[in-house]
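Novice: Return atomic coordinates for the entry below.
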Amino acid sequence: MRATLKQLAERTGLSISTVSRVVTGKGYVSGESRKMVEEAVKALDYVPQERRPVSLKDHDNLVMIMIGGIRSTLCSALLETLVQELEKKHKQPFVAVTSFSPERERDYLRFAAENHFFGVIALAIIDDPQTVEMLRHYPCPVVLVDSFLPALDLDSLCPDYYKMGFVAAEYLIARGHRRIAFIGGLEDSSITQDKKLGFEDCMRSHGLEVPEGGVLYAGIMIYENGGDVARRILKMDPLPTAIVSSNDLSVGILNELSAQGIRVPEDVSLFTCEDSELAAHCHVPLTAVSVEMERMSVDSVKTLFRRQRHPNAPRCLYSYNPTLRERSSVATPREKMA
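Specialist: Take a look at the predicted model:
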């Protein structure tokens, strides 16, 4: 019998999405995890299964899964469950596309509209004025996941980003931190601003202010941007005792700090919003807040089918509470212990 991704995941103790990234060669995976998967592939004699191409003849039954804005293990986790829900449970054909620019997003949205797709599930769509205008009178049902466009009356499923920022600050303050830097994504993103507002409100509730220059914006929250952000942090004087970041960017920051001789958590603590497998398995596992990705994915498919049945129903806004995951990247600041 042919070995499966699930069997590889069970043998290695990793998730199916991580195993898939190694097998397909798409996306970042740590060296240790990659080695484990490669050894399991050999041991189980795994051969990738060829997928039958989806026919566009029946495009009115197709769902487009569009991954925008970020490339992260967060989207991988969402995508894994979405595929299972559409393909296995609903027998619904789909195509998945990636679109790391507003222009590419509009191209895909235009294609789906012109070909009368069943609907679009958009992960982390970029909040761009032209895209918003295109979606204002869009002919296909659209469900936003891990994104929110305030100007549009679209169904949206999002973690409670305000609470994420608040919980991050509350946790660090409780451990004695007072100089805490906040790292956001795109400055004009509603998600970034919600996290920042929650973070700042918590700081103010404790009589604290964000240190001067202590709010930085990384653009897209990907691993590759972490090095630049870490170098900008190291120019702060005095250095913050703790950093709040998000997504795979946090791991990039961690690795650059380590390369510069800055120890986490001995010299600086690091807290990440939007937990990921990468954050959980890096050389210093990161304390984080997470949301139930599986539940959010399942709800998004249900919402799309409901919108098809009831196109004029009021829009649905789902908010998911974050859960704290305590690991090894936060400690009491040394100045507090002295």
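
Novice: can you list the domain ranges for the protein.
Specialist: Per automatic domain parsing, the structural domains of the chain span 5-44, 57-142+292-312, 161-291+324-337.

Novice: Residue 153 is nearest to which of those?
Specialist: Checking the domains of the chain against residue 153 by CB to CB gives domain 57-142+292-312 as the closest, at 8.8 Å. All C-beta spots, glycine's among them, are computed from the backbone N, C-alpha and C.

Novice: circling back to that earlier point, so which of the domains of the chain is the most surrounded?
Specialist: Of all the domains of the chain, domain 161-291+324-337 has the most neighbours on average by mean count of other CB atoms under 10 Å, namely a mean of 20.

Novice: Please enumerate the strands of the stretch 201-338 of the chain.
Specialist: Per DSSP state E, counting those that start in this stretch, the stretch 201-338 of the chain carries strands over the ranges 215-217, 242-246, 269-273, 287-290, 317-320, 323-325.

Novice: pLDDT score for residue 204?
Specialist: Model confidence at residue 204, expressed as pLDDT, equals 97.

Novice: Ok, the one 4 residues further on next?
Specialist: Taken from the predicted model, the pLDDT recorded for residue 208 is 97.

Novice: and if you look at residue 29?
Specialist: At residue 29, the pLDDT value in this model is 66.

Novice: do the same with residue 4
Specialist: According to the predicted model, the pLDDT of residue 4 comes to 77.

Novice: Ok, the one 3 residues further on next?
Specialist: Turning to residue 7, the model gives it a pLDDT of 83.

Novice: Nearest to residue 86 among the strands of the stretch 201-338 of the chain would be which one?
Specialist: Judged by CB to CB, the one of those that comes nearest to residue 86 is strand 317-320, at 18.1 Å.

Novice: Determine the set of other helices and strands touching the closest one.
Specialist: strand 155-159, helix 293-309 (3 or more CB pairs under 8 Å, 6 or more residues apart in numbering; DSSP states H and E).

Novice: so can I have a markdown table of the ones you listed showing distance to residue 143 and mean pLDDT?
Specialist: Formatted as a markdown table, the entries for those read as follows, by distance: least, CB to CB, whole Å; pLDDT from 0 to 100:
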| stretch | distance to residue 143 | mean pLDDT |
| --- | --- | --- |
| strand 155-159 | 5 | 95 |
| helix 293-309 | 5 | 92 |
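
Novice: Quick one: these as TSV, columns for distance to residue 98 too.
Specialist: Rendered in TSV, the data for the helices and strands packed on strand 317-320 read as follows (distance: least, CB to CB, whole Å):
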stretch	distance to residue 98
strand 155-159	19
helix 293-309	17
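
Novice: so where is this protein shaky, pLDDT-wise?
Specialist: For the chain, residues meeting the criterion pLDDT under 70 lie at 1-2, 17, 21, 24-29, 47-59, 69-74, 336-338.

Novice: Repeat the analysis, applying 80 as the threshold.
Specialist: Counting by pLDDT under 80, the ranges of the chain that qualify are 1-6, 15-32, 45-60, 68-77, 88-90, 99-100, 335-338.

Novice: Can you show me the helices along it?
Specialist: With DSSP state H as the definition, the chain shows helices at residue ranges 5-12, 16-24, 31-44, 73-83, 102-114, 129-135, 161-174, 190-205, 226-233, 249-259, 277-281, 293-309, 334-337.

Novice: Minimum distance to residue 93: which of these has it?
Specialist: Within the helices of the chain, the stretch nearest residue 93 is helix 73-83; the backing value is 11.4 Å (CB to CB).
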